[in-house]
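Trainee: Using only what follows, build the 3D model:
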Amino acid sequence: MQFWPRVRASRPYARIRSWNSTSKDAVHGFLGYKAGMTHIIGIDTHKNSATKGEEISIPVTIIECPPMKIAGIRFYKKNVRGLYPATEVLFKVDKELARKITISKKTHTLEGIKPEEYVEAKLLVYSQPKLSGVGKKRPELFEIGLFGTVADKVKFAQENHDKELFINNVFKEAEYVDIHAVTKGKGLQGVVKRFGVPFKPHKTEKGVRRVGTLGAWSAQGHTLYRVPHPGQMGYHLRTEYNKQILKISNKPEEVNPKGAFLQYGNVKSSYVIIFGSVAGARKRAVIFTKATRQKYNDPVPTIIEISKESKQ
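Mentor: As a prediction, the model looks like this:
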């Protein structure tokens, strides 16, 4: 079944359960908002390509990445069931983050925290959608991984908690990333659309858009989960591995099309251009992480033109 159970995601942006432990970069993730797709004209630089040195058209996705702010740091301990959050330290909370969480007016500090008592620490960051064209005020609050020991991570949080994190300080052009997103929701769908079950003959008594059998009967008292059934389709948490970053820029006029992106508007801050498509609807938050299964090291094509034709 590949994915099971096929249920709705618990929130509209991803929860990352594992991070690339081999990356030596300080920060291992970033968040952006999907603006839409376009295409670029570039010169193919793949050495073994049949079109090497020629101009080609490449479908790309534009993702706006406004700077993030650090909210705090979360410490983990380990028991027989694995890691669990033991302590959470929040720095001074501004009005943006107060829209997302409810906390006391007391400002939390790292005084009294002993890093040697914990086995893991992750940075709590939040986005700034007001700086983008997504058109909302409430930020996303999530964890990102850091490089180093727990003491190193505490030091990084102390030095940067009053600064902004920018996409060009975390990722570089030509780098491969994993993209975590929630797919487009399609609601309740039948087995034909949901699992690709073929139509039954037109004279079938009980309908043609149904499975032919509910499975083998062996007195189990229920149907097996392997049998296709109608249910929720879409709005699932999915990860796409090895998506290449073709361009990172803070000049939105280079990509804003005539009439703006449909159902999004104009890009207003930094953005990245990703090779191919990206899961999720427009305006949905997607999270980039360092690639965990990288197999390639291809150069990016030389970009000649980014299409800015109207998407109407």
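
Trainee: number of nearby residues for His236?
Mentor: Using other Cβ atoms under 10 Å, His236 has 18 neighbouring residues. For every residue, glycine as well, the C-beta is placed using N, CA and C.

Trainee: so what's it scoring on pLDDT?
Mentor: His236 carries a pLDDT score of 96 in this model.

Trainee: I figured it was touching Pro5, is that so?
Mentor: No - taking contacts as Cβ atoms under 8 Å, His236 lies outside contact range of Pro5: 9.8 Å.

Trainee: Tell me who's in contact with Val300.
Mentor: Thr45, Glu173, Ala174, Gln244, Ile245, Leu246, Lys247 (Cβ atoms under 8 Å, 6 or more residues apart in numbering).

Trainee: out of these, which are inside strands?
Mentor: Gln244, Ile245, Leu246, Lys247 (DSSP state E).

Trainee: Need the max-distance pair from these.
Mentor: Pairwise distances across the ones in strands among the contacts of Val300 peak at 10.3 Å for Gln244 and Lys247 (criterion: Cβ to Cβ).

Trainee: returning to what we had before: of the contacts of Val300, closest to Ala157?
Mentor: Ile245 (25.9 Å).

Trainee: For the closest one, list each beta-bridge partner.
Mentor: Ile245 has these beta-bridge partners by DSSP bridges: Ile274.

Trainee: Which parts of the stretch 101-250 of the chain are helices?
Mentor: With helices called from DSSP state H, counting those that start in this stretch, the stretch 101-250 of the chain shows them at 150-160, 191-195.

Trainee: can you tell me which of those the model trusts least?
Mentor: Among these, helix 150-160 scores lowest, at a mean of 91.

Trainee: just to revisit the earlier point, just give me the closest of the contacts of Val300 to Val150.
Mentor: For those, the nearest to Val150 is Ile245 (29.6 Å; Cβ to Cβ).

Trainee: what number of residues lie near that closest one?
Mentor: By the other Cβ under 10 Å criterion, the neighbourhood of Ile245 contains 20 residues.

Trainee: who touches it in this structure?
Mentor: Listed by Cβ under 8 Å, 6+ apart, the contact set of Ile245 reads Phe171, Lys172, Glu173, Ala174, Glu175, Tyr176, Val177, Val272, Ile273, Ile274, Phe275, Val300.

Trainee: could you measure Lys100 against Lys136, distance?
Mentor: According to Cβ to Cβ, to the nearest Å, Lys100 and Lys136 sit 12 Å apart.

Trainee: domain ranges for this structure?
Mentor: The chain is divided into the following domains under automatic domain parsing: 29-184+235-306, 185-234.

Trainee: Distance to Ala14 for those - can I get that in CSV?
Mentor: Output for those, formatted as CSV (distance: least, Cβ to Cβ, whole Å):
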stretch, distance to Ala14
domain 29-184+235-306, 4
domain 185-234, 15
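
Trainee: Please, which helix or strand holds Lys69?
Mentor: Using DSSP states H and E, Lys69 sits within strand 68-79.

Trainee: Output the below-cut-off pLDDT ranges for the chain.
Mentor: Judged by pLDDT under 70, the chain has its weakly predicted residues at 1, 102-108.

Trainee: Please, where are all the strands along it?
Mentor: Under DSSP E, the chain gives strands at 29-43, 55-64, 68-79, 82-90, 120-126, 141-144, 164-165, 176-182, 185-189, 231-234, 237-249, 271-275, 285-290, 302-306.

Trainee: so which of those comes closest to Gly259?
Mentor: strand 29-43 (11.5 Å).

Trainee: Find out how far that closest one is from the centre of the chain, if you would.
Mentor: 13 Å (Cα atoms, centre = their mean, to the nearest Å).

Trainee: Dump it to CSV, keeping only the CA atoms.
Mentor: Output of strand 29-43 as CSV, limited to C-alpha atoms (Å, rounded to 0.1, in the frame of the first residue of the first chain):
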residue,chain,number,x,y,z
GLY,A,29,16.4,23.5,7.6
PHE,A,30,14.3,26.4,6.4
LEU,A,31,10.7,27.2,5.6
GLY,A,32,9.1,28.9,2.5
TYR,A,33,5.7,29.5,0.9
LYS,A,34,4.9,28.0,-2.5
ALA,A,35,4.1,30.8,-4.9
GLY,A,36,3.6,28.8,-8.1
MET,A,37,5.3,27.3,-11.2
THR,A,38,6.9,28.7,-14.3
HIS,A,39,9.7,27.7,-16.6
ILE,A,40,13.2,28.8,-17.4
ILE,A,41,15.3,28.8,-20.5
GLY,A,42,18.8,27.6,-19.8
ILE,A,43,21.9,25.9,-21.3
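
Trainee: which parts of it are buried?
Mentor: Neighbour-count burial for strand 29-43 flags Gly29, Phe30, Leu31, Gly32, Tyr33, Lys34, Ala35, Gly36, Met37, Thr38, Ile40, Gly42 (criterion: 16 or more other Cβ atoms under 10 Å).
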